[in-house]
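K.L.:
Just to be clear, the model below is a prediction. Sequence and coordinates:
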Amino acid sequence: MKTLITETRSGCSWMDITVLMLGLSSVLLVLWVALSTQGSWPGYAEMVASLPHPVAWLRWILGDISEVAFYKHELASLGLLGGAYMAWWASKHGKTWQGFSISYGTGLWPWLITSSLLGLLLSNLLWGWSVTAQTWQPTFAAFVSLPAAMVLMFGGGWKVAINGAVLGALLVTPMCLLIVNFVCVPLGLPVVIGNVVGMAVGSVIAFVLCRRVPLLVRSDYIAPARPAPAKPPTYGIAWSLRRVLADFSEAPFFGNELASLGLLAGVLLAYALNPVSPAYGSGLVLPLLGAQALTSLSGVVIWRKQWIKRGWYPTYVPLVSVVPAAVLTHGGSWTVIASSALLGALIAPPLACAIAARVPAHVHPYIGNVTSMALSTLMIVPLVGWLVQA
């Protein structure tokens with residue numbers, strides 16, 4: 001199989017150069033924001049109130065990268081990308097500290113992140129006009145849905161990466177906008193339901209289109225089998241804790257501890273700089289993180305036999321749906337944290353697995369995960385509210 005990375009004359013890959021440019025841009029962004037605000041990191045409300053100022057727009061777009069975990073902050077996003085790059089570099093060079101092999105050991109992370117970032121930029125270019133200081137919009141949706149799924153389904157290369165990004169911006173994001181604004185908001189439903197339903201519907205349309213118009217993708221691509229680890233996991237305490245950590249970066253299809261560490265370090269730094277900057281200015285970062293870790297840990301423990309049997313199980317599903325929706329809706333009390341975490345861990349993963357097993361072969365099984373997110377959130381968040389009031 002030919003290499004997915006094109007090397008330059010200097011021996012560096014185009015991904016190395018891209019990440020270096022992103023790193024330099026990130027440093028400039030941090031300095032720019034710090035200097036323009038006299039050293040005080042602006043809160044979420046200040047950011048959206050400043051739109052369409054270029055700094056505010058840049059922060060919004062970067063924040064979209066960590067939006068799937070409900071952090072919505074540029075520092076969390078940059079930490080996620082930095083950690084993911086470290087994981088990919090370590091995997092590429094066979095380092096023992098790479099953790100769970102990023103993007104499931106496919107070697108497709110460079111193309112996956114390229115397509116996802118292109119989809120994110122196109123979504124903001126096409127639909128960013130809908131964002132106002134009073135109106136949040138799901139411009140992040142393409143980053144964690146169809147573009148990455150298409151790369152995993154059809155392989156690397158510019159054709160798949162670009163077409164995945166374009167279809168994500170043209171199908172997924174507007175579908176999310178429609179459902180959020182015309183279903184969730186009028187009915188008072190958590191907007192995460194609209195986000196994930198939009199991802200599912202838009203992605204299914206795209207996969208059907210790819211099947212009928214195979215020129216959009218590489219029809220001869222066969223996904224490589226996941227390489228067996230050199231040493232089979234023991235599924236003990238250490239593995240369980242690593243798995244919980246990796247679940248934090250599972251939604252963008254990374255599933256790696258280093259990527260998650262970067263994400264968490266970034267959101268904690270953002271919280272330290274200004275508690276009302278990440279997580280939509282809610283000030284609930286610490287309860288949110290605790291609840292997310294608890295639901296993942298509960299899922300890993302409860303469904304340990306499924307992890308052993310299948311090699312992978314969607315214990316991350318409530319971490320990016322049920323739990324954050326419950327905390328942001330009902331507050332960060334222990335009742336909310338414990339009930340949403342446990343109910344999410346019990347219901348969401350097996351529901352996702354059952355739905356994914358029934359999707360057609362030409363559709364990526366992540367459709368089962370996002371469908372489970374919608375159904376689980378719809379069931380559990382009102383129940384948590386009832387428990388709080390009881």
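P.N.:
Noted; the coordinates are in hand. This one's a predicted model, so the numbers in the text were calculated from it and none came from an experiment.
K.L.:
send the alpha carbons of the helix or strand Ala354 falls within over as PDB?
P.N.:
Following DSSP states H and E, one finds Ala354 within helix 334-356. The C-alpha atoms that make up helix 334-356 are tabulated as PDB, following Å, rounded to 0.1, in the frame of the first residue of the first chain:
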ATOM      1  CA  TRP A 334     -24.100  15.800  42.400                       C
ATOM      2  CA  THR A 335     -27.600  14.500  41.600                       C
ATOM      3  CA  VAL A 336     -27.200  15.700  38.000                       C
ATOM      4  CA  ILE A 337     -23.600  14.400  37.600                       C
ATOM      5  CA  ALA A 338     -24.300  11.000  39.100                       C
ATOM      6  CA  SER A 339     -27.600  10.300  37.500                       C
ATOM      7  CA  SER A 340     -26.700  11.500  34.000                       C
ATOM      8  CA  ALA A 341     -23.400   9.700  34.100                       C
ATOM      9  CA  LEU A 342     -24.800   6.400  35.200                       C
ATOM     10  CA  LEU A 343     -27.900   6.400  33.000                       C
ATOM     11  CA  GLY A 344     -25.900   7.500  30.000                       C
ATOM     12  CA  ALA A 345     -23.400   4.700  30.500                       C
ATOM     13  CA  LEU A 346     -26.100   2.100  30.900                       C
ATOM     14  CA  ILE A 347     -28.300   3.100  27.900                       C
ATOM     15  CA  ALA A 348     -26.200   5.000  25.200                       C
ATOM     16  CA  PRO A 349     -23.400   2.500  24.400                       C
ATOM     17  CA  PRO A 350     -25.500  -0.600  23.800                       C
ATOM     18  CA  LEU A 351     -28.100   1.400  21.900                       C
ATOM     19  CA  ALA A 352     -25.400   2.800  19.600                       C
ATOM     20  CA  CYS A 353     -23.900  -0.600  19.100                       C
ATOM     21  CA  ALA A 354     -27.300  -2.100  18.200                       C
ATOM     22  CA  ILE A 355     -28.100   0.700  15.700                       C
ATOM     23  CA  ALA A 356     -24.600   0.600  14.100                       C
END
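K.L.:
Which strands or helices does the next helix or strand after it pack on?
P.N.:
With elements assigned by DSSP H and E, the helix or strand that comes after helix 334-356 is helix 366-389. Contacting helix 366-389 under the criterion 3 or more C-beta pairs under 8 Å, 6 or more residues apart in numbering; DSSP states H and E are the following elements: helix 191-212, helix 322-330, helix 334-356. Where C-beta positions appear, they are placed from N, C-alpha and C, glycine not excepted.
K.L.:
which parts of helix 366-389 are buried?
P.N.:
Residues 366-378, 380-381, 384, 387 are the ones in helix 366-389 that count as buried (16 or more other C-beta atoms under 10 Å).
K.L.:
Kindly report the same for stretch 283-292.
P.N.:
Within stretch 283-292, the residues scored as buried using 16+ other C-beta under 10 Å are Gly283, Leu284, Val285, Pro287, Leu288, Leu289, Gly290, Ala291, Gln292.
K.L.:
Reformat these into CSV and put secondary structure and distance to Ser321 next to each item.
P.N.:
As requested, the buried residues of stretch 283-292 are exported to CSV (DSSP: H, G, I helix; E, B strand; the rest coil; distance: C-beta to C-beta, whole Å):
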residue, secondary structure, distance to Ser321
Gly283, coil, 21
Leu284, coil, 16
Val285, helix, 18
Pro287, helix, 16
Leu288, helix, 13
Leu289, helix, 15
Gly290, helix, 17
Ala291, helix, 12
Gln292, helix, 10
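K.L.:
which residues in the stretch 51-200 of the chain form helices?
P.N.:
In the stretch 51-200 of the chain, helices defined by DSSP state H, counting those that start in this stretch lie at 54-64, 74-92, 109-127, 146-154, 158-167, 173-179, 185-187, 191-212, listed in chain order.
K.L.:
Any regions of the chain where pLDDT drops low?
P.N.:
Across the chain, the ranges flagged by pLDDT under 70 are 1-39, 219-231.
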